[in-house]
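Engineer: Next one to model:
(2 chains)
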Amino acid sequence: MKRSELIMGMPITLEIVDHKDTEPFNKIFDYFRLVDSKYSPYKKDSELSQINQGLSKENWSSEMSQVMSLCEETKALSGGYFDVYSDGQIDPSGLVKGWAINNAANLLKDWGINDFYIEAGGDIQISGKNESGELWSVGIRNPFNIDEIIKVLKLTDIGIATSGTYLRGEHIYNPHDRTKTPSVIKSLTVIGPNVYEADRFATAAFAMGSNGIGFINALPGFEGYMIDENKRATYTKGFELYVA
Amino acid sequence: MKKIVIGLGVLGIYVLYSLGIRHQNPILAKPASLSNGNGASAGSGGSSVATNNSNSSTSGGASASTASNGNQQSSATSSNSSAYKDGTYTGAVENVYYGNVQVAVTISGGKITNVKFLQYPNSHYTSVYINQQAMPYLQQEALHSQNSNVQVISGATFTSQGFIQSMQSALARA
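Structural biologist: Residues are numbered from 1 along each chain as shown, chains lettered A, B, ... in the order given. Okay, the predicted model is just below:
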């Protein structure tokens, strides 16, 4: 069974193979709504908005403090390229999406559900097998033609996330030089141990421009597929193991 | 027929040009060194290869692949070059994988005497250079459309609230 809902400004899809009831779907989508209510930079009453309006650290929820320390850790691991501070405001969206998908996947596993995927805005946690009892087949979207798939992967128990640009606008910036947009790279797909890890390092590596794929290559347990504006793909050696 | 021959010559230049960029030779990529015909080694070598290719219809790719090694001038003669009609011919805009290229070829005395780049991609040297530094740990390929059915797709999301908000605020300022 498969269901999609629009939450956090993006379509979120959950497909479960090894359970038939609708209850897990309700709970998972409720969870995403809860995350949105806490971390949305656009909801005035969200905890994040309160922080940006001056809520002091002592008053942050323990979960918020945890997320913020994960952001700090990611910033350190990426040489400063992952940065949640912009124009004096904190926006941890680059980490919260993957983190929330991963938390939702762990909830499903706690409930004894193992064959599923959760996809939110192009970032996916894959678990177990599909309804044919095979590995899940996952496509990578062509950033030049969104109706097209340019790679088919066979995956299980893994996370995959893609960072990219929209037409000529960029949505990820180099924190070391905000005037310099990473326009050379069109999209960067990262496969990692889970979607939280894949997403945060895809975000950081994309901000590195051409060097991003080298950064992913140097990370043990991660593979990457980078597409540049010349319609050329550069990928890590281990990536081929996942290609269908 | 003449136009075909000239066209093949221009095509040879395209191939040479794209390979030249791949070999990260900035001299080759500068149109000035090609149009002068007496630039630094790779530039002048490239220019002469392209000229020679106009005399042989199918060797463009093969000759171009050795262009980065330098001189090919002696391998071809200009036996039938007198078939060209003098003048300047502007080629179509071509996508040569790294961007658009458009050239104008000048024929004088039946020979190609000048190739001028009207359009060329000029912003990619750095990225190609950096990628090659990361070799051999990384591999490269051209994008190919896949027809297989997939169950789920990974791609950058552009429908996010953040993007919409950012657009709206930008438009509000406009």
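Engineer: Low-confidence ranges, chain A, go.
Structural biologist: Applying pLDDT under 70 to chain A picks out residues A:166-183.
Engineer: so which helix or strand takes in the residue minimising distance to the centre of chain A?
Structural biologist: Chain A has A:D199 as the residue nearest its centroid, 3.3 Å off, counting by C-alpha atoms, centre = their mean. Here A:D199, judged by DSSP states H and E, is contained in helix A:195-207.
Engineer: and that helix, what other elements does it pack with?
Structural biologist: helix A:62-77, helix A:93-110, strand A:123-127, strand A:158-164, strand A:185-192, helix A:212-218 (3 or more C-beta pairs under 8 Å, 6 or more residues apart in numbering or on different chains; DSSP states H and E). C-beta here means a position set from N, CA and C on the backbone, and glycine is covered the same way.
Engineer: I'd guessed the residue nearest to the centre of chain A sits against A:G98; true?
Structural biologist: Yes: A:D199 lies in contact with A:G98 (C-beta atoms under 8 Å); the separation is 2.6 Å.
Engineer: what's the neighbour count on A:G79?
Structural biologist: Neighbourhood size, A:G79 [other C-beta atoms under 10 Å in any protein chain shown]: 12.
Engineer: Can you tell me how far it is from A:T189?
Structural biologist: 21 Å (C-beta to C-beta, to the nearest Å).
Engineer: check contacts around the closest residue to A:I51 other than its chain neighbours.
Structural biologist: Residue nearest to A:I51 in three dimensions, not counting chain neighbours: A:I90, with 6.1 Å by C-beta to C-beta, 6 or more residues apart in numbering or on different chains. With contact set as C-beta atoms under 8 Å, 6 or more residues apart in numbering or on different chains, A:I90 has these partners: A:48, A:51-52, A:68, A:84.
Engineer: any idea how far A:F82 is from chain B?
Structural biologist: Distance, A:F82 to chain B, by C-beta to the nearest C-beta, to the nearest Å: 16 Å.
Engineer: Common neighbours of A:D199 and A:G98, please.
Structural biologist: Counting by C-beta under 8 Å, 6+ apart, the shared contacts of A:D199 and A:G98 are A:123, A:159, A:161.
Engineer: can I assume A:L48 is in contact with A:K38?
Structural biologist: Yes: with contact defined as C-beta under 8 Å, A:L48 and A:K38 form a contacting pair (6.9 Å).
Engineer: can you list residues touching both of the two?
Structural biologist: Common neighbours of A:L48 and A:K38 (criterion: C-beta under 8 Å, 6+ apart): A:M64.
Engineer: between the two, which one's more packed in?
Structural biologist: For A:L48 and A:K38, the more surrounded residue by other C-beta under 10 Å is A:L48, and the numbers stand at 25 against 20.
Engineer: Leaving out sequence neighbours, find the closest residue to A:K154.
Structural biologist: Here the residue nearest A:K154, using C-beta to C-beta, 6+ apart, is A:L135, at 4.0 Å.
Engineer: Report the contact partners of the one you found.
Structural biologist: A:L135 is in contact with A:129, A:154-156, counting by C-beta under 8 Å, 6+ apart.
Engineer: before we move on, back to that, mind giving me TSV with the helices and strands packed on helix A:195-207 and columns for mean neighbour count and distance to B:D86?
Structural biologist: Formatted as TSV, these follow (neighbours: other C-beta atoms under 10 Å in any protein chain shown; distance: least, C-beta to C-beta, whole Å):
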stretch	mean neighbour count	distance to B:D86
helix A:62-77	15	64
helix A:93-110	22	60
strand A:123-127	28	61
strand A:158-164	27	50
strand A:185-192	28	44
helix A:212-218	24	49
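Engineer: of the ones you listed, which approaches chain B most closely?
Structural biologist: strand A:158-164 (2.7 Å; C-beta to the nearest C-beta).
Engineer: That closest one vs chain B: in contact?
Structural biologist: Yes: applying C-beta under 8 Å from any C-beta of the partner chain, one finds strand A:158-164 touching chain B at A:160-164.
Engineer: and stretch A:57-66, how far out from the chain's middle?
Structural biologist: Relative to the centre of its chain, stretch A:57-66 is centred 22 Å away, using C-alpha atoms, centre = their mean, to the nearest Å.
Engineer: Centre of chain A to the edge, which residue is at the far end?
Structural biologist: A:E58 (28.6 Å).
Engineer: Can you pull the phi and psi angles for that residue?
Structural biologist: Here the main-chain torsion angles of A:E58 (degrees, to the nearest 10) amount to phi -60, psi -20.
Engineer: and it, what is it in contact with?
Structural biologist: Taking C-beta under 8 Å, 6+ apart, one finds nothing in contact with A:E58.
Engineer: just to revisit the earlier point, can you lay out the helices and strands packed on helix A:195-207 as CSV showing distance to B:V152?
Structural biologist: Conversion of those to CSV gives the following (distance: least, C-beta to C-beta, whole Å):
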stretch, distance to B:V152
helix A:62-77, 25
helix A:93-110, 12
strand A:123-127, 6
strand A:158-164, 9
strand A:185-192, 13
helix A:212-218, 21
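Engineer: so where's chain B shaky on pLDDT?
Structural biologist: Ranges of chain B meeting pLDDT under 70: B:1-84, B:91-105, B:111-136, B:148, B:157-174.
Engineer: residues of stretch A:149-160 that come out buried?
Structural biologist: Across stretch A:149-160, burial judged by 16 or more other C-beta atoms under 10 Å in any protein chain shown covers A:149-155, A:158-160.
Engineer: Name the helix or strand for the closest residue to B:S145 other than its chain neighbours, please.
Structural biologist: In space, and not counting its chain neighbours, B:S145 is closest to A:E148: 5.1 Å by C-beta to C-beta, 6+ apart. Assigned by DSSP H and E, A:E148 belongs to strand A:145-155.
Engineer: Return that strand as PDB; C-alpha atoms alone will do.
Structural biologist: Extracted in PDB, the C-alpha atoms of strand A:145-155 (Å, rounded to 0.1, in the frame of the first residue of the first chain):
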ATOM      1  CA  ASN A 145      14.600  17.000 -17.800                       C
ATOM      2  CA  ILE A 146      12.500  16.200 -14.700                       C
ATOM      3  CA  ASP A 147      10.400  13.600 -16.600                       C
ATOM      4  CA  GLU A 148      13.500  11.500 -17.300                       C
ATOM      5  CA  ILE A 149      15.400   9.000 -15.300                       C
ATOM      6  CA  ILE A 150      19.200   8.800 -16.000                       C
ATOM      7  CA  LYS A 151      20.100   6.000 -13.600                       C
ATOM      8  CA  VAL A 152      18.400   3.000 -12.100                       C
ATOM      9  CA  LEU A 153      19.700   1.600  -8.800                       C
ATOM     10  CA  LYS A 154      18.800  -1.500  -6.900                       C
ATOM     11  CA  LEU A 155      18.800  -0.800  -3.200                       C
END
